[in-house]
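Asker: Dropping a prediction and its sequence here:
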Amino acid sequence: MSTLTTAVAFEKYHGTGNEFLIVDATDPVPDRSAFATTHCDRSTGVGSDTDGQTGADGVLFLQLEDRFSPPRIIMTLVQPDGSVAPICGNGARCAAVWAMDRTDADSVMIDTQAGTRRATRVDDGIAVEMGEPTFAPDRLPLAGNRTEPLIEESVEGLTVTTVNTGVPQAVAFVDDIESVDIESAAPAVRHADVFPAGTNVTFAERTDSRREGVPRFRQRSYERGIEGETQACATGSVAIAAAASRIGLIESAAPVDISLPGGELRISATDRGELLLTGAVTHEFDGDLAAEGVDD
Ligand SMILES: N[C@@H](CCC[C@H](N)C(=O)O)C(=O)O
């Protein structure tokens, strides 16, 4: 038995600073977890981009099915710790551009473990239908036989409202987001016993509107699977809108503007009342990376 190393083509994209390596899923990568852990490492991973950022926030393995109209993509996000996330809002936008560039389509369907999402090219980037956020304890999930949603309750000393926006999110509304020591405050909540599958932890501060009548929040998120703060977490942005509406901070979950360390996102509503996430996507650079397998 010997180790076989092959070169795998990748493209690096970011959605509002949330960075992904995209690999065509038809290229064989025998151990996807090891591939993601190695190449996403922020110190030793894939080489620097123009912003000097080494590594990435995950690998999107994308399988394009262009016989359908609109084209479909089967999206699997493998995170730096080797785990698979059911969905990723920023990743879905990057996946949409990757597929649109190959098909000339302006709309694609993205099949994820959290369900199918439609993504459409719009003036200010890509808009993704994000499904119905749910506060239901069994869908979060919450531990035990709990029947009540977890709304504005203290978990590990932080007051949070929990919502599943495709992935679990614990949202804490704070007065001054800059003063939050996220690396100290978030890990205990992320691993709290009440969340058997863990959770992402998102902080939000209500701030001045930039569009008349549109509430705006500043956001910082600590992500499960990355185990650290990211420049943007779009399922967290949707969670802020849903949670703020649920606890009466705002009248409705849409429209809402969100400012993140990596840029701006907008939450609006589709005609069917589904939340729509809109933001920019950037294609950074391409290359080849080593994938290791075993040859027997
Ligand atoms: N960055 C993402 C969320 C990715 C999944 C998350 N880390 C998890 O494990 O739940 C986004 O933009 O939504």
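Answerer: Perfect, I can see it now.

Asker: Would you mind listing what in the stretch 101-250 of the chain touches the ligand?
Answerer: Within the stretch 101-250 of the chain, the positions near the ligand by CB under 6 Å from any ligand atom are 167, 200, 223-226, 230, 233-235. No exception for glycine: its C-beta is placed from N, CA and C like everyone else's.

Asker: can I see the domain layout of the protein?
Answerer: As given by automatic domain parsing, the domain ranges for the chain are 2-130+280-295, 153-273.

Asker: buried ones in the least confident helix or strand in the chain by mean pLDDT?
Answerer: Lowest on mean pLDDT, DSSP states H and E among the helices and strands of the chain sits strand 281-295, with a mean of 88. Across strand 281-295, burial judged by 16 or more other CB atoms under 10 Å covers 281-282, 284, 289, 291.

Asker: Neighbouring strands of it in the sheet, and parallel or not?
Answerer: Strands that pair with strand 281-295, judged by DSSP bridges, come out as strand 2-15 (antiparallel).

Asker: ok, and does the helix or strand following the strand it pairs with reach over to the ligand?
Answerer: Next helix or strand after strand 2-15 toward the C-terminus (DSSP states H and E): strand 18-24. Yes. Strand 18-24 reaches the ligand (CB under 6 Å from any ligand atom) through N18.

Asker: Which residue ranges of the stretch 151-296 of the chain form helices?
Answerer: Along the stretch 151-296 of the chain, counting by DSSP state H, counting those that start in this stretch, helices occupy 182-190, 234-246.

Asker: So which of the ones you listed is the most surrounded?
Answerer: Ranked by mean neighbour count under mean count of other CB atoms under 10 Å, the helices of the stretch 151-296 of the chain are led by helix 234-246, which reaches a mean of 28.

Asker: what packs against that helix?
Answerer: Contacts defined by 3 or more CB pairs under 8 Å, 6 or more residues apart in numbering; DSSP states H and E place helix 234-246 against helix 89-103, strand 158-164, strand 168-173, strand 200-207, strand 216-223, strand 256-260, strand 263-269, strand 275-279.

Asker: mind giving me TSV with these and columns for mean pLDDT and mean neighbour count?
Answerer: Formatted as TSV, these follow (pLDDT from 0 to 100; neighbours: other CB atoms under 10 Å):
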stretch	mean pLDDT	mean neighbour count
helix 89-103	98	25
strand 158-164	98	23
strand 168-173	98	26
strand 200-207	98	24
strand 216-223	98	24
strand 256-260	98	22
strand 263-269	97	21
strand 275-279	97	23
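
Asker: can I get those in a markdown table with distance to A136?
Answerer: Formatted as a markdown table, the helices and strands packed on helix 234-246 follow (distance: least, CB to CB, whole Å):
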| stretch | distance to A136 |
| --- | --- |
| helix 89-103 | 20 |
| strand 158-164 | 8 |
| strand 168-173 | 12 |
| strand 200-207 | 17 |
| strand 216-223 | 22 |
| strand 256-260 | 22 |
| strand 263-269 | 20 |
| strand 275-279 | 16 |
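
Asker: Make JSON lines from the helices of the stretch 151-296 of the chain and add distance to E205 and mean pLDDT to it.
Answerer: Shown next, in JSON lines, are the helices of the stretch 151-296 of the chain (distance: least, CB to CB, whole Å; pLDDT from 0 to 100):
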{"stretch": "helix 182-190", "distance to E205": "13", "mean pLDDT": "98"}
{"stretch": "helix 234-246", "distance to E205": "10", "mean pLDDT": "98"}
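
Asker: which parts of the helix or strand where A34 lies are buried?
Answerer: Using DSSP H and E, A34 maps to helix 32-40. Buried positions in helix 32-40, judged by neighbour count with 16+ other CB under 10 Å: 32-33, 35-40.
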